[in-house]
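Visitor: 3D model of this:
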Amino acid sequence: MSAGGAVGPEAVQDELDALAVRLGRGLTLDDVDGDLVAYSAQGEDADAARISTILSRRVAPEIRAWEERHIAADAVEPIRIPANPALGMAARLCLPVRHRGDCLGYLWLPRPEVPLSAAELADLHRASSRFGELLSRAGSPGEPARGGRAIDRLIRRLYEQGQAEAHSQLSAAVPALVDGTVRLVAAVPGRPDRAGVRPLTSTEFSALAAALTPTLRAHPGYVGSYVAADYALLLHRDAGPGPYRARGPFDSPLDSLLDATTEVVARCLGPGHVCTLGISAPTPFTVRSARAARGQALTAAELAALDPALPRHSHWAALGVYRHLARSANAGPDQVLAPLDEAGPSGPMLLLTLETYLDLGGDNQATAARLNRISDLLAVPLSDGLARLELHLALKTRRAYRRTLR
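Guide: As a prediction, this is how the structure comes out:
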């Protein structure tokens, strides 16, 4: 295989077709964003999941989630992915496609029960290296990424995978990011009763992926976004000197973007569904700060989906004690509230009453009877400031411990 020549989709397709003929198997190649890159002629070994991917040109989020459960982050050899009949998936082999150590996509082979010979395995690795080279050329530092989809892919590679090369490519593609500050915004679908977050359906995933950048690219500061199985992340560039200069954590261009994002997500989720947004603190545009900004945005969004006391647009800077709870690796349920857990059917109501009372600063006029029972069950006086602090921390720790997005 020549290292030169065309690098467009035709080059990838030609290489994949030739490899499929040599191996005698139908092959599929998709990128880390779930977009279908190329596929060879599919025979009887094509399962329903792969056929669906080919028809829609995207990997459904629930399928990608199953695949990624079995793929080690540093894998360089073919991995057997077990079957999942509920998703229409037969067992298959996956070879991560890498370039300079970064995973850019996945090459899929059916019939994992048929072993590859040493020569076939060597051929497969050579082809995978070539695919990695071809995929990396779009948006390389020498040829900056252009267009919304290319920028969105780089944002995913930087903020989801921490790739230094993606940072360099984004800096070349969007020079205004260099030496500036950015915020990451997380949008998560929540449950109507504030009981936490839920995964996106395939329809919602596809709708969001198609709508976010085309709809939001005109907003000041919007750089791009990507959609994962449980959330969407958007990158916002703080304004420099001029009419949109940032005046604090809640500047008007960002507020405008948050409102527009809420509208887009609401259309994609449909009637009756809710969404919460989490906004990271302003951070420098560096590789090192990317992971922290992602964690802050996801934490703020998920806590807003868990705690009715938080606004649906929740800033990391305004989370108060939750910032300390989220940073604690050992945060978990404690036994302070155990007597209320064991209070029978009225337990959940008493827990909610206590939390509402504490959130409102100790106003007990409307809930005096319940508060008296709570005080009796816990054997502590709610007039005691230290007792109230301990109970408030215990209640908020429970909500923080219920987080699932990492």
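
Visitor: endpoints of stretch 164-183, how far apart?
Guide: In terms of Cα to Cα, to the nearest Å, the two terminal residues of stretch 164-183 are separated by 18 Å.

Visitor: swap in stretch 184-202?
Guide: 24 Å.

Visitor: hang on, isn't residue 382 packed against residue 370?
Guide: No. If you go by Cβ atoms under 8 Å, residue 382 and residue 370 don't touch, sitting 10.9 Å apart. C-betas here are computed from N, CA, C, even on glycine.

Visitor: average pLDDT across stretch 379-387?
Guide: The average pLDDT within stretch 379-387 is 78.

Visitor: no no, stretch 356-369
Guide: 71.

Visitor: tell me the SS of residue 71?
Guide: coil (DSSP: H, G, I helix; E, B strand; the rest coil).

Visitor: how many neighbours does it have?
Guide: 15 (other Cβ atoms under 10 Å).

Visitor: what residues are up against it?
Guide: 79, 81, 94, 96, 106 (Cβ atoms under 8 Å, 6 or more residues apart in numbering).

Visitor: let's see 10 Å
Guide: Residue 71 makes contact with 79, 81, 94-96, 103, 106 under the criterion Cβ atoms under 10 Å, 6 or more residues apart in numbering.

Visitor: which of the residues you listed has the weakest pLDDT?
Guide: Among those, residue 103 has the lowest pLDDT, at 87.

Visitor: any idea which helix or strand carries that residue?
Guide: strand 102-109 (DSSP states H and E).

Visitor: strands paired with that strand, and their directions?
Guide: Using DSSP bridges, the strands paired with strand 102-109 are strand 28-31 (antiparallel), strand 92-99 (antiparallel).

Visitor: mind putting those strands into a markdown table with mean neighbour count?
Guide: Below are those laid out as a markdown table (neighbours: other Cβ atoms under 10 Å):
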| stretch | mean neighbour count |
| --- | --- |
| strand 28-31 | 23 |
| strand 92-99 | 22 |
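
Visitor: columns distance to residue 50 on top of those, output as TSV?
Guide: Listed next are the strands paired with strand 102-109 as TSV, based on distance: least, Cβ to Cβ, whole Å:
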stretch	distance to residue 50
strand 28-31	6
strand 92-99	8
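
Visitor: and those strands: which comes nearest residue 185?
Guide: strand 28-31 (23.3 Å; Cβ to Cβ).

Visitor: tilt between the helix or strand just after the strand holding residue 103 and strand 102-109?
Guide: If you walk from strand 102-109 toward the C-terminus, the next helix or strand you reach (DSSP H and E) is helix 118-137. Angle of helix 118-137 versus strand 102-109, following axes from the mean of the first three to the mean of the last three Cα atoms, to 10 degrees, is 130 degrees.

Visitor: buried residues in helix 118-137, which are they?
Guide: For helix 118-137, the neighbour count (16 or more other Cβ atoms under 10 Å) marks 120, 124, 127-128, 130-136 as buried.

Visitor: and the residues you listed, which two are furthest apart?
Guide: 120 and 136, at 24.5 Å, using Cβ to Cβ across the buried residues of helix 118-137.

Visitor: got the end-to-end distance for stretch 211-230?
Guide: Span of stretch 211-230 from end to end, Cα to Cα: 16 Å.

Visitor: identify each buried residue in that stretch, please.
Guide: Quick answer for stretch 211-230 (16+ other Cβ under 10 Å): 211-213, 215-216, 219, 221-230.

Visitor: same thing with stretch 197-206?
Guide: Neighbour-count burial for stretch 197-206 [16+ other Cβ under 10 Å]: 197-202, 204-206.

Visitor: kindly report the same for stretch 397-406.
Guide: 397-400, 402-403, 405.

Visitor: how is this structure partitioned into domains?
Guide: Domain assignment for the chain by automatic domain parsing gives 9-137, 180-319, 338-401.

Visitor: output those domains as CSV; include the columns distance to residue 151.
Guide: Formatted as CSV, the domains of the chain follow (distance: least, Cβ to Cβ, whole Å):
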stretch, distance to residue 151
domain 9-137, 12
domain 180-319, 4
domain 338-401, 33
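
Visitor: for the chain, which segments count as helices?
Guide: 9-23, 48-56, 61-69, 118-137, 148-159, 164-173, 202-216, 252-269, 287-306, 321-327, 338-341, 347-359, 368-378, 385-401 (DSSP state H).

Visitor: helices or strands next to the first one in the packing?
Guide: Counting by 3 or more Cβ pairs under 10 Å, 6 or more residues apart in numbering; DSSP states H and E, the packing neighbours recorded for helix 9-23 are strand 28-31, strand 36-39, strand 102-109, helix 118-137.

Visitor: where in the stretch 251-400 of the chain is pLDDT low?
Guide: Applying pLDDT under 70 to the stretch 251-400 of the chain picks out residues 251-252, 327-336, 362-367.

Visitor: try it again with 80
Guide: Scanning the stretch 251-400 of the chain for pLDDT under 80 picks out 251-252, 270-272, 321, 324-338, 341-342, 355, 357, 359-370, 384-391, 393-400.

Visitor: pLDDT score for residue 102?
Guide: pLDDT, read off for residue 102, is 83.

Visitor: and it, how far is that from residue 59?
Guide: 19 Å (Cβ to Cβ, to the nearest Å).

Visitor: between the two, which one's more packed in?
Guide: residue 59 (25 against 19).

Visitor: burial count for the closest residue to the more buried one other than its chain neighbours?
Guide: Spatial nearest neighbour of residue 59, chain neighbours left out: residue 34 (4.1 Å); criterion: Cβ to Cβ, 6 or more residues apart in numbering. Other residues lying near residue 34 total 25 when counted by other Cβ under 10 Å.

Visitor: please apply the same query to the one 3 residues further on.
Guide: In terms of burial, residue 37 registers 21 neighbours under the definition other Cβ under 10 Å.

Visitor: wait, what's in contact with it?
Guide: Counted by Cβ under 10 Å, 6+ apart, residue 37 has contacts 9, 12-13, 16, 28-31, 57, 97, 104-107, 131, 134-135.

Visitor: with residue 127 instead?
Guide: So residue 127 contacts 1, 15-16, 18-20, 22-23, 27, 29, 95, 97, 107 (Cβ under 10 Å, 6+ apart).
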